[in-house]
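> requesting a structural model of the entry that follows:
(one chain, ligands or ions: 1)
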Amino acid sequence: MLIEENKALAPFTTFGIGGPARWYVEARTEQEIGDAAEWAQQRNVPLFVLGGGSNLLVADAGFGGLVLHVANRGIEIEPGGDEAVFRVAAGEDWNLVVQRAVAGNYAGIECLAGIPGTAGGTPVQNVGAYGQEVSTVIERVRVLDLCEGGIVDFGAGECGFGYRKSRFNTEDRGRYAVVRVDFRLRQSGAPCLRYADLQRTFAGADRPTLMEVAEEVRRIRRSKGMLLVEGDPDCRSAGSFFKNPVVREDAVPRIAARAGEEPPRFPGGEAGLMKIPAAWLIEKAGFRKGYGKGVAGISSRHTLALINRGGAKARDVMALAEEIRGTVEQRLGVLLEREPVLLGF
Ligand SMILES: Cc1cc2nc3c(=O)[nH]c(=O)nc-3n(C[C@H](O)[C@H](O)[C@H](O)COP(=O)(O)OP(=O)(O)OC[C@H]3O[C@@H](n4cnc5c(N)ncnc54)[C@H](O)[C@@H]3O)c2cc1C
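Okay, the predicted model is just below:
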């Protein structure tokens with residue numbers, strides 16, 4: 001296990017922003033993840049678990065602790081009847097997992113194609129897109145307890161999954177390193193076609209294959225700058241910078257009155273709650289795609305993605321985010337919540 005010092009973190013993030021880590025280690029096995037955690041504990045050094053860096057904004061001054069880069073690999077497939085369990089090492093590339101699933105005709109994650117990052121990062125904010133959420137197929141999350149030591153298995157019901165949340169980014173934030181995730185997928189299952197654009201594409205056609213749906217999702221994502229494509233400046237981001245706010249139903253008329261238009265909305269997960277697209281709120285507050293004169297701006301293809309146009313600092317992104325948040329609150333009375341994780345602020 002090689003502990004490096006003053007390691008630049010920007011190259012490990014999709015934003016390409018941030019100062020160095022005081023210490024850094026790439027842990028390629030479960031044993032190394034444990035050893036690195038012990039190293040930090042013995043020295044009383046703060047620890048941060050890094051996956052693919054695709055939901056992360058690192059401060060310009062960096063981080064004064066140990067960055068533990070989870071890089072264990074491997075996918076084991078355990079077939080059983082019309083389902084299979086994919087046991088995936090946390091450091092595995094998420095897109096490879098989706099690729100293996102759709103190529104083997106296993107349904108359940110085809111709409112999550114094109115989301116960057118690692119398999120171990122997916123339960124943390126319960127990633128979701130185009131009508132699917134990873135929590136619906138997670139069977140078990142295996143973690144290393146960074147406080148007490150030892151490996152713990154959490155069943156899906158113990159993970160506290162909700163919209164962009166789990167116990168790992170709420171009450172237990174920073175306590176566990178995910179070392180493996182088990183996904184239960186359906187052999188030859190029907191693809192999820194809940195999203196309107198997907199329904200339109202495949203309307204009237206025979207049932208598309210899982211591979212075709214995953215490909216279409218990637219195509220849509222690419223058109224919005226939400227796919228990592230070398231040389232595309234619109235994807236130098238952390239994806240959506242804000243979550244879609246969930247508001248009480250009785251707040252909707254007030255928002256409509258301020259916006260001068262009925263907001264689009266969806267069920268908010270519980271009775272009496274509605275989810276409003278953050279992109280709509282941001283546009284109604286006066287921000288357009290491509291907004292921003294400096295090095296940090298709004299993507300030219302998606303209002304929700306803040307991007308590094310080249311040479312942006314974390315402080316530039318934070319200033320832009322604050323401007324957007326403040327204006328949306330002032331004009332529409334809705335408080336936006338940030339989605340990416342901050343490190344070193
Ligand atoms: C272009 C683009 C599009 C995106 N689209 C979507 C989308 O459609 N839907 C969506 O939900 N997200 C989306 N994201 C956000 C991001 O890709 C996901 O949240 C992803 O799952 C983050 O995984 P990661 O490995 O990169 O985590 P990181 O960014 O490295 O870390 C994020 C958080 O997870 C924690 N973490 C990561 N790995 C582990 C681990 N092994 N153990 C414990 N904690 C860990 C970190 O400590 C940190 O708190 C997008 C991002 C980009 C750049």
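> check whether the lengthiest helix in the chain comes near the ligand.
Secondary structure assigned by DSSP state H gives helix 314-332 as the longest helix of the chain. No - Helix 314-332 does not reach the ligand (C-beta under 6 Å from any ligand atom); its nearest approach is 12.9 Å. All C-beta atoms are positioned from the backbone trio N, CA, C, and that covers glycine.
> that helix: which residues count as buried?
314, 316, 317, 318, 320, 321, 324, 325, 327, 328, 332 (16 or more other C-beta atoms under 10 Å).
> turn these into JSON lines, columns for distance to residue 169 and pLDDT.
JSON lines is the format used below for those (distance: C-beta to C-beta, whole Å; pLDDT from 0 to 100):
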{"residue": "314", "distance to residue 169": "20", "pLDDT": "98"}
{"residue": "316", "distance to residue 169": "25", "pLDDT": "97"}
{"residue": "317", "distance to residue 169": "20", "pLDDT": "98"}
{"residue": "318", "distance to residue 169": "19", "pLDDT": "98"}
{"residue": "320", "distance to residue 169": "23", "pLDDT": "97"}
{"residue": "321", "distance to residue 169": "18", "pLDDT": "98"}
{"residue": "324", "distance to residue 169": "22", "pLDDT": "98"}
{"residue": "325", "distance to residue 169": "19", "pLDDT": "98"}
{"residue": "327", "distance to residue 169": "26", "pLDDT": "98"}
{"residue": "328", "distance to residue 169": "22", "pLDDT": "98"}
{"residue": "332", "distance to residue 169": "26", "pLDDT": "97"}
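> CSV for those, including distance to residue 110?
Listed next are the buried residues of helix 314-332 as CSV, based on distance: C-beta to C-beta, whole Å:
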residue, distance to residue 110
314, 34
316, 36
317, 32
318, 35
320, 34
321, 32
324, 32
325, 33
327, 37
328, 33
332, 35
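> next one: the residue nearest to residue 313 when sequence neighbours are not counted relative to residue 20, how far apart?
Using C-beta to C-beta, 6 or more residues apart in numbering and skipping the chain neighbours, the partner closest in space to residue 313 is residue 60 (5.0 Å). Distance of residue 60 to residue 20, computed by C-beta to C-beta, to the nearest Å: 10 Å.
> near the ligand, which residues of the stretch 101-250 of the chain?
Close to the ligand, as judged by C-beta under 6 Å from any ligand atom, the stretch 101-250 of the chain has residues 115-118, 120-122, 124-125, 127-129, 168, 176-178, 226, 228, 235, 237-239.
> inside strands: which ones of those?
Among these, DSSP state E puts 128, 129, 176, 177, 178 in strands.
> quick one: neighbours of the second one, just the number.
The local packing of residue 129 (other C-beta atoms under 10 Å) involves 19 other residues.
> so it sits right up against residue 111, yeah?
Yes - the criterion here is C-beta atoms under 8 Å, and residue 129 meets it with residue 111 at 5.9 Å.
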